[in-house]
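Engineer: No letters, just coordinates:
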């Protein structure tokens, strides 16, 4: 009986965990398809261990060792922005797409094209049209409501 | 069985009612929780109204949104006001407005720890925001499950000049909803535990009822024949009055021969078929009980049909044919029937009566049906313990019935007849028919014989001219103690031996005539006479006359009585016995001479002696011979 209860608990926990990872991956895969189109494998530069664990579950995501290798840079804190600035000074024509997980990081750097974050308990997806334009990115219609010309 | 089921059903109904009550309780608690939550929503709506009125009052007639757009100090001040409304119930309170592109932007935010700056973009991801903005009607919405902190959101429009210019959002926290739920949670938990317990109780009761019924079925039925068991019989009469039913005891005669000839499987098969035949003949409400290996008891509700039913059963079972190994055979049965009298409650007594009547049938050669009437006298049987007590207290006496010389009319001797004295009423004397069969084969029988002999010897000594005959069973004569007692007394009082006759109650077949003859000779040596009782019935056959030295033949009362019913043929038979007795030098005694006609007959036949109620009833010896005093 005890074994059965333990098995059911682990199964339920595992299912919830899998669903969380699955939904996050689903959202980011959608973002990749918009922001980094035509790439079978997206090279993502990310420092945050939680996101690394989530992305490690996907077959189409590879971790970039540095910003130079990255197609997509996930900005989870200001240190990533500093790394980017430093890289950009030596490589001004870098094409990596910067995407933030906080509104403040979106505000802090003009190279960040958008952000996915939580506000007042609600998920917020936000794109800045001029910054997308700089990367020649066009949003599908379904995302047009989340795009603004300026903050 | 019915009683057990009824009790279980009552318990199930009570548990069911309790379960319904618990469901009702749970429903009421949930309803109260919902009411409590509805009150909180109403409170949020009142707060929103108050906040709106307060803010509008603060701007003193100016357009609120214009003031907030242009006056950062006023925004700070009103943010603090909003913050005052933040309680544990309200997770967030903030004001939004729409920009020219139709995007929502923050105007005020009550949060002090993590305030959102003025004009910051906000994407509500819920069409209800636009709806409230458009219609100007407040609305409560339940947020998506993914919003873990928010339970409900109140969208409250702040309007100016007929247009919505801002939207106040009050988010009720999920934690508070949970705390409201948890307010009644202990009650809900108790109700659920009770539900679980009661459901388990119902399951357990169901299981117990099933087990009980299964066990009862096993206990109540004989597994071989399907007839009811002895256990059922006892249980049945625990809850039913015995005197509402008549009883038939059926025993298959010589069943052992079936097993011996065809084997036990065949025996089982015959029993099943036998039971099936009886069941098919039983009236409504009757029950068949297998009370022994080949013994059955039929319980029939009293409807005055017992005689018809028992006779029909008797003939059916006699005629019934059984087939085994290509051999067709029939069985005979012995049946005793008790028409239970009113007021009879003891099943044990009834069974004893049936058993005794069954024994009589068996002794008479089996294959018979006998009835026991409903008269209470018939059921006055005593238990072995009662007889033992009476014998230990020597509650016993002998009555004496005169034996008359048919030629002179004088009393030649008396037959000593034993009676027990009722311990509760010394005036009541208990005849042997009411206790003799119970003590036969027990040590009490020997005790009785010895006490009778002691009484008879006392009478002989007290009345020097008296001649007495006393009944003895063959087993008494086989017993050393009894024989020693007799011979000792005869030796001690030489004058009494020739005044004493021994009437041998011949209920057992004599297998060793030499031994019996030796005993008889020993008694006759002292001068006593030997008589054979009940000659002409049972085992008392011509062999006795042939092999034993007998002085008197006492002809069985059943033959004497036949003189009234069938005088011609009976006389012929009695004549032949007279010739036989004369040939062997035996005197003849006629018993049961109950009226003059019989007496005349036996006188005519030439019987030397006669006894019976017509000639003298059994009475204390003083009645006939006078008191010694």
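Structural biologist: Right, received. Where do you want to start? Fair warning: this is a prediction, and the values are worked out from it, not measured in the lab.
Engineer: what's around the one residue in the stretch 1-150 of chain B that gets nearest to chain A, how many residues?
Structural biologist: Closest residue of the stretch 1-150 of chain B to chain A, CB to the nearest CB: residue B:149 (4.2 Å). To be clear about C-beta, it is placed using only N, CA and C from the backbone, and glycine gets the same treatment. Residues near residue B:149, counting by other CB atoms under 10 Å in any protein chain shown, number 15.
Engineer: For the nearest residue to it once chain neighbours are set aside, the count of nearby residues, please.
Structural biologist: Distances taken as CB to CB, 6 or more residues apart in numbering or on different chains put residue A:121 closest to residue B:149, at 4.2 Å, once the chain neighbours are dropped. For residue A:121, the number of neighbouring residues by other CB under 10 Å comes to 17.
Engineer: If you rank every helix and strand of chain B by mean pLDDT, what lands last?
Structural biologist: Least confident element among the helices and strands of chain B, by mean pLDDT, DSSP states H and E: helix B:436-439 (a mean of 73).
Engineer: Show the subsequent helix or strand relative to it.
Structural biologist: helix B:443-462 (DSSP states H and E).
Engineer: which other residues reach that following helix?
Structural biologist: B:384, B:387-388, B:391, B:394, B:396-398, B:400, B:416, B:418, B:439, B:466, B:468, B:470-473, B:475-476, B:479, B:481-482, B:485-486, B:489, B:493, B:496, B:499-500, B:621, B:628 (CB atoms under 8 Å, 6 or more residues apart in numbering or on different chains).
Engineer: can you give me the end-to-end distance of stretch B:543-554?
Structural biologist: This stretch, stretch B:543-554, spans 15 Å end to end (CA to CA, to the nearest Å).
Engineer: Check the average confidence over that stretch, would you?
Structural biologist: Taken as a whole, stretch B:543-554 has a mean pLDDT of 89.
Engineer: Please state the offset of that stretch from the chain centre?
Structural biologist: Centre-to-centre, stretch B:543-554 and its host chain are 53 Å apart (CA atoms, centre = their mean, to the nearest Å).
Engineer: what does stretch A:38-58 give?
Structural biologist: Using CA atoms, centre = their mean, the offset of stretch A:38-58 from its chain centre is 8 Å.
Engineer: which parts of it are buried?
Structural biologist: Under the neighbour-count criterion of 16 or more other CB atoms under 10 Å in any protein chain shown, stretch A:38-58 has A:42-46, A:51, A:54-55, A:58 buried.
Engineer: Would it be right to say that residue B:17 lies in a strand?
Structural biologist: No: assessed with DSSP: H, G, I helix; E, B strand; the rest coil, residue B:17 is helix; it does not lie in a strand.
Engineer: Next, count neighbours for it.
Structural biologist: Considering only other CB under 10 Å, residue B:17 is surrounded by 11 other residues.
Engineer: Check it and give its pLDDT.
Structural biologist: For residue B:17, the predicted pLDDT is 88.
Engineer: got the contact list for the residue of the stretch 1-150 of chain B closest to chain A?
Structural biologist: A:121, B:91, B:171, B:173-175.
Engineer: Do you know the pLDDT at it?
Structural biologist: 77.
Engineer: ranges for the helices of the stretch 401-550 of chain B?
Structural biologist: Taking DSSP state H, counting those that start in this stretch as the test, the helices found in the stretch 401-550 of chain B are B:436-439, B:443-462, B:474-478, B:480-492, B:513-526, B:542-547.
Engineer: For chain A, which residues are neighbours of chain B?
Structural biologist: For chain A, the residues in contact with chain B (CB under 8 Å from any CB of the partner chain) are A:103, A:119-126, A:145-146, A:148-149, A:151.
Engineer: Buried ones only from the residues you listed, please, as a ChimeraX command.
Structural biologist: Provided next is the ChimeraX selection string for whichever of the residues of chain A next to chain B are buried by 16+ other CB under 10 Å:
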select /A:103,119,120,121,122,124,125,126,146,148
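Engineer: got any ranges where chain A has weak pLDDT?
Structural biologist: A:1-19 (pLDDT under 70).
Engineer: Tell me where it has strands.
Structural biologist: Under the criterion DSSP state E, strands of chain A are mapped to A:42-45, A:61-63, A:72-75, A:97-100, A:112-119, A:122-128, A:147-148.
Engineer: Which single residue in chain A comes nearest to chain B?
Structural biologist: residue A:121 (4.2 Å).
Engineer: Make sure that residue is actually in contact with residue B:172.
Structural biologist: No: with contact defined as CB atoms under 8 Å, residue A:121 does not reach residue B:172; the gap is 11.1 Å.
Engineer: between those two, what contacts are shared?
Structural biologist: Here residue A:121 and residue B:172 have B:91, B:150 as joint contacts, going by CB under 8 Å, 6+ apart.
Engineer: Run through the residues of chain B sitting next to chain A.
Structural biologist: B:91-92, B:94, B:101, B:103, B:116, B:120-125, B:143, B:146-150, B:169, B:171.
Engineer: Just those: which are in strands?
Structural biologist: Those of the residues of chain B next to chain A lying in strands (DSSP E): B:91-92, B:94, B:121-122, B:150, B:169, B:171.
Engineer: which among those residues gets closest to residue B:304?
Structural biologist: Closest approach to residue B:304 among those (CB to CB): residue B:150, at 87.1 Å.
Engineer: so how far is whichever strand or helix holds residue B:362 from its chain's centroid?
Structural biologist: For residue B:362, the host element (DSSP H and E) is helix B:347-363. Centroid separation for helix B:347-363 versus its chain: 22 Å, with CA atoms, centre = their mean.
Engineer: Stretch A:105-119 now?
Structural biologist: Taking mean C-alpha positions (CA atoms, centre = their mean), stretch A:105-119 and its chain are 11 Å apart.
Engineer: do stretch B:580-600 as well
Structural biologist: On CA atoms, centre = their mean, the centre of stretch B:580-600 falls 54 Å from the chain's centre.
Engineer: now stretch B:536-552
Structural biologist: The answer for stretch B:536-552 is 50 Å, by CA atoms, centre = their mean.
Engineer: Just the terminal-to-terminal distance for that stretch.
Structural biologist: So stretch B:536-552: terminal residues 13 Å apart, CA to CA.
Engineer: Identify the residues contacting that stretch?
Structural biologist: Counting by CB under 8 Å, 6+ apart, B:363, B:501, B:503, B:506-510, B:513, B:516-517, B:520-521, B:524, B:529-535, B:553, B:555-556, B:558-559, B:573, B:577, B:580, B:584, B:586-589, B:609 sit against stretch B:536-552.
Engineer: residues in contact with residue B:268?
Structural biologist: Per CB under 8 Å, 6+ apart, neighbours of residue B:268: residue B:224.
Engineer: Now it: which helix or strand?
Structural biologist: helix B:264-281.
Engineer: What segments of the stretch 251-400 of chain B are helices?
Structural biologist: Counting by DSSP H, counting those that start in this stretch, the helices of the stretch 251-400 of chain B are B:255-262, B:264-281, B:306-319, B:347-363, B:384-392.
Engineer: I appreciate the help and will end here.
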